[in-house]
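Asks: Output the structure for:
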Amino acid sequence: MNDALIQLKDVWFGYNGQMILQGIDLTVAKGDFIAMVGPNGGGKTTLLKVILGLFKPHRGLVTVKGESPEKASSCIGYVPQNVHLNPHFPVSVLDVVLMGKLSRKHLFGRITKQDRMQALETLAKLNMEHLADNRIGDLSGGQKQRVFIARSLVTNPEILLLDEPT
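Replies: Reported below is the predicted structural model:
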């Protein structure tokens, strides 16, 4: 029996002919907390993007809950290292958190009253509910980070991947 949530077997990936990840084997089981430490440019973000299915490995196998990362994407919450936003784009904090409710299947689906309630509850857990109507561009860096953490948590994911969350 394989109870691995995430499994990588002999994974290789690179850019422009230079291998960044070579022969990576990794198993993450339910309840595990993993921290990756390494130098800038060492491949930490690349590894996360391979696990998310954003990058396809040149060689090896990646599974999330026994499926391809794309098929399992609904069970993963992800907070990227850098989120580049136009500071003048008129999107509210609540709207950003609600983006976590969108899926590839329902990209243009309707946001329900229940979705809004869940988003507000998630913001409250991070002491950010009072900023729900503020524009995301008006927040400090730390506040934005908490909003993106809320976006990743709003679906109650089984797996949470945080790329430099501090």
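Asks: where do the strands sit along the chain?
Replies: Ranges of strands in the chain, per DSSP state E, are 4-15, 18-29, 59-64, 76-79, 159-162.
Asks: Of the ones you listed, flag the one that's most buried.
Replies: Burial of those is given as mean neighbour count (mean count of other C-beta atoms under 10 Å); strand 76-79 ranks first at a mean of 20. To be clear about C-beta, it is placed using only N, CA and C from the backbone, and glycine gets the same treatment.
Asks: who's in contact with residue 139?
Replies: Going by C-beta atoms under 8 Å, 6 or more residues apart in numbering, residue 139 touches 93, 131, 147.
Asks: hmm, 10 Å instead?
Replies: Residue 139 makes contact with 85, 87, 93, 96, 128, 131, 145, 146, 147 under the criterion C-beta atoms under 10 Å, 6 or more residues apart in numbering.
Asks: Buried only: go through the residues you listed for me.
Replies: The neighbour count (16 or more other C-beta atoms under 10 Å) marks 93, 96, 128, 131, 145, 146, 147 as buried among the contacts of residue 139.
Asks: Tell me which residue lies nearest the centroid of this structure.
Replies: residue 78 (0.9 Å; C-alpha atoms, centre = their mean).
Asks: Could you report the pLDDT at that one?
Replies: In this model, residue 78 is scored at 92, pLDDT.
Asks: Distance check, the closest residue to it other than its chain neighbours against residue 28.
Replies: Here the nearest residue to residue 78 in space, its sequence neighbours aside, is residue 161; by C-beta to C-beta, 6 or more residues apart in numbering that works out to 4.9 Å. Relative to residue 28, residue 161 is positioned 10 Å away (C-beta to C-beta, to the nearest Å).
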